[in-house]
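Undergrad: Let me see the structure of the following:
(chains A and B)
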Amino acid sequence: MSHLDAFTKGWSFRTSTPDFEPGQEITAFVTGHDDGTHVVRIGDTVLSLDDIDDAENGDRDRSSDGNGTGGETNLLDSQVRLRVEEFNTNDHIGRATVLERLGESSF
Amino acid sequence: MSADPNDSTNEPGEGGHGAELEDAERARSGEPIHFYGGKWTSALPLAIFVVWAIFQSALLGIGDTTGLVAAMLVALIVSMLFVKGDWQVYANTVFQGMTQRVAATAIVAWLWAGMFADTIQVGGFVSGLVWAADALSLGAALFPAITFVLAGLLATGIGTGYGAVIAFTALFFPAGVLLGANPVLMFGAILSGAVFGDNLAPVSDTTIVSAVTQDADIGGVVASRFKYAIIAAVLAFTGYVAVGTMLGSPFDVNQGAQSLFVENSNPLGLAHLLSVAVVIATAVSGRHIIEAISWGIIVAFVLNVALGLAAVSDMVVFTAPQGSGIAGSLSFLPFIELAGPNGEAAVGGSLYTGASGFFPLIILILLIVAGAQIMIRGGGFEAIQDWLLDRFATSLRRAELTMVGGTGLVNAMITINTAAEIAIAPYIARIGERFNINGYRRANILDANSSALGYIFPWSGGVLVGFAELQTLPGQFEWFTQAMIVNPVQVFPFVFHGWLLFFVFLVSAATGFGLEYVFDREAAGVARV
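TA: Just a heads-up that it's a prediction; the model follows:
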């Protein structure tokens, strides 16, 4: 991408419910829990995360916010790389698998 | 936590988050602090600071950053009295907060930006802009519009809107009055130019804070916010042309502006457009901000000496005491002088004053992030965050409107806009992250509204700085009467760029214009533009 593109990027109206293709790999923050399942909210699109392997993906419940998922890894507000497994373009919901934990929230 | 703004190890999606992970781990896993009155009491350090800041800046009109340093110190002491049990945890948390990378990154960028800004100022950048205004030979109707453009150029170069307001109020304002331009519109145009530069300049203190608190690189945020700034600026320019032709001046001074301009103009000062271009181009091309500004300083230094715009001693000078034998024998060097009979021995020059000018703000950001850390460990941060998320930010559009409105509200209350921006930044980060809004977008929302609102209201720091300068004009010009001084209350509808920038963001939040998600920067590869 040229340097000029950096100035011209974003001159458009973006949907609040982005859609994804199954198999698509993206980076996102884990934004909450729903019935013990981690969810990633991207705009108003919601991806539920499959269970992840504690040993591979970080430490155990570190959160002091009371939203932890018991003995499972708490990824809330972590940045992760994930793969979209299935996606419903009508309801803008889907399912994804965490591939890697990349970082944390800025604060 | 943010690392260096252009450090490629900070790249989401590429791993290498060691330092940030460590910071975040420590912040979360640290021992919680329990307060009498519950977790909300942990907000006391920042609450006392905000109340003091409103009292000082909004009610009393005192724009003294060191006063806010005292505010944070008092706030940290008073709040400690409300801690249950051992106060050592609280004390350690203060240290831990102050050592966070977000503060260090902003401090380093500020020091470099300060040196650059002062060096192009001693090199007569303002004189070059004065020459340009004179060469254009504009009438009263167009003068406010071109004043807005030139003030915007200066503020983009030096990064400080306050500095641009002072320089332009001293020279362009009286020139505009002489030409027959409306004084209120002139003052509004100067403040608008300050908003433009404060918002867009890579060396602006608010730009730096917006980028480092939202995990974005400074060159990238400058490029990505150009679209909002230019839309507002084109509309503001049109507004100044239109209103300039409608509103005349109630004063007829009967004296040309030419003499005022001739005394203060130097076309060579425009050479520093090159210095500014070097900083912007290198930052946007992905070089580290320290490298980008260092190149700008080097180019400005060389231009100053080569074109005779400033002496070496204007940029760095050792003024030794008179009796110093060594200094006497070295006084042939261009950066060594001997103090006069009553003069003080000191180090000076633009590199010195540019850096030292930021010292109060540097101490302040250290203390504010310490206060924020207390709030995180005491549970208050999360309580307020959850309240905002449950009550207001329930959908993407509402979340962005909350971010715009919240930033605007805090900046309307705390009129020293960099301080306000630091205080609200953690919430902009967290609310934005909960909807996976890209760091550039978050930084743009944060900075545009901090810049805009800091120059609009009668109690805003930028307006008060200009008002103080206006009051010195009757003493400088015989023809300048007290009646020509613009009251801060009169000017607020005429800060067109400030209002328009705010409205551009309200519309953007409501419609999704310019919206980017976290995954976009990876997909489009814009992270290190």
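Undergrad: In the stretch 251-400 of chain B, what residue comes closest to chain A?
TA: As assessed by Cβ to the nearest Cβ, chain A sits closest to residue B:396 within the stretch 251-400 of chain B, at 4.2 Å. (Glycine included, C-beta is placed from N, CA and C.)
Undergrad: pLDDT weak spots in the chain?
TA: By default, I'm working from chain A. A:1-3, A:51-72, A:106 (pLDDT under 70).
Undergrad: actually chain B
TA: In chain B, residues with pLDDT under 70: B:1-29, B:254-258, B:415, B:522-529.
Undergrad: What is the burial count for residue 31?
TA: Chain wasn't specified; assuming chain A. By other Cβ atoms under 10 Å in any protein chain shown, 20 other residues sit near residue A:31.
Undergrad: wrong one, chain B
TA: Residue B:31: 12 neighbours (other Cβ under 10 Å).
Undergrad: Now do the same for it: helix, strand or coil?
TA: coil (DSSP: H, G, I helix; E, B strand; the rest coil).
Undergrad: residues contacting it?
TA: By Cβ atoms under 8 Å, 6 or more residues apart in numbering or on different chains, the residues touching residue B:31 are B:89, B:377.
Undergrad: Quickly note the distance from it to residue B:369.
TA: For residue B:31, the distance to residue B:369 equals 19 Å [Cβ to Cβ, to the nearest Å].
Undergrad: One more: residue B:135?
TA: Taking Cβ to Cβ, one finds residue B:135 at 47 Å from residue B:369.
Undergrad: which SSE is residue B:74 in?
TA: According to DSSP states H and E, residue B:74 maps onto helix B:65-80.
Undergrad: actually residue A:82, not the one I wrote
TA: strand A:78-88.
Undergrad: Flag every buried residue along that strand.
TA: Buried residues in strand A:78-88, counted by 16 or more other Cβ atoms under 10 Å in any protein chain shown: A:78-82, A:84-85, A:87.
Undergrad: check these against chain B, which are close?
TA: Contacts with chain B within the buried residues of strand A:78-88, as defined by Cβ under 8 Å from any Cβ of the partner chain: A:79, A:81.
Undergrad: buried sites along whatever helix or strand residue B:313 lives in?
TA: Using DSSP H and E, residue B:313 sits in helix B:312-315. Residues of helix B:312-315 classed as buried by neighbour count (16+ other Cβ under 10 Å): B:313-315.
Undergrad: now stretch B:151-168
TA: B:151-168.
Undergrad: mind giving me JSON lines with the buried residues of helix B:312-315 and columns for distance to chain A?
TA: JSON lines is the format used below for the buried residues of helix B:312-315 (distance: Cβ to the nearest Cβ, whole Å):
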{"residue": "B:313", "distance to chain A": "37"}
{"residue": "B:314", "distance to chain A": "33"}
{"residue": "B:315", "distance to chain A": "30"}
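Undergrad: quick check, nearest of the residues you listed to residue B:140?
TA: Among the buried residues of helix B:312-315, residue B:314 lies closest to residue B:140 (Cβ to Cβ), at 35.3 Å.
Undergrad: Isn't that closest one up against residue B:351?
TA: No: with contact defined as Cβ atoms under 8 Å, residue B:314 does not reach residue B:351; the gap is 9.9 Å.
Undergrad: now what about stretch B:330-342, what contacts it?
TA: B:311-313, B:316-322, B:324, B:327-328, B:345-346, B:349.
Undergrad: what's the distance between that stretch and the middle of its chain?
TA: Computed by Cα atoms, centre = their mean, to the nearest Å, the chain-centroid distance of stretch B:330-342 equals 35 Å.
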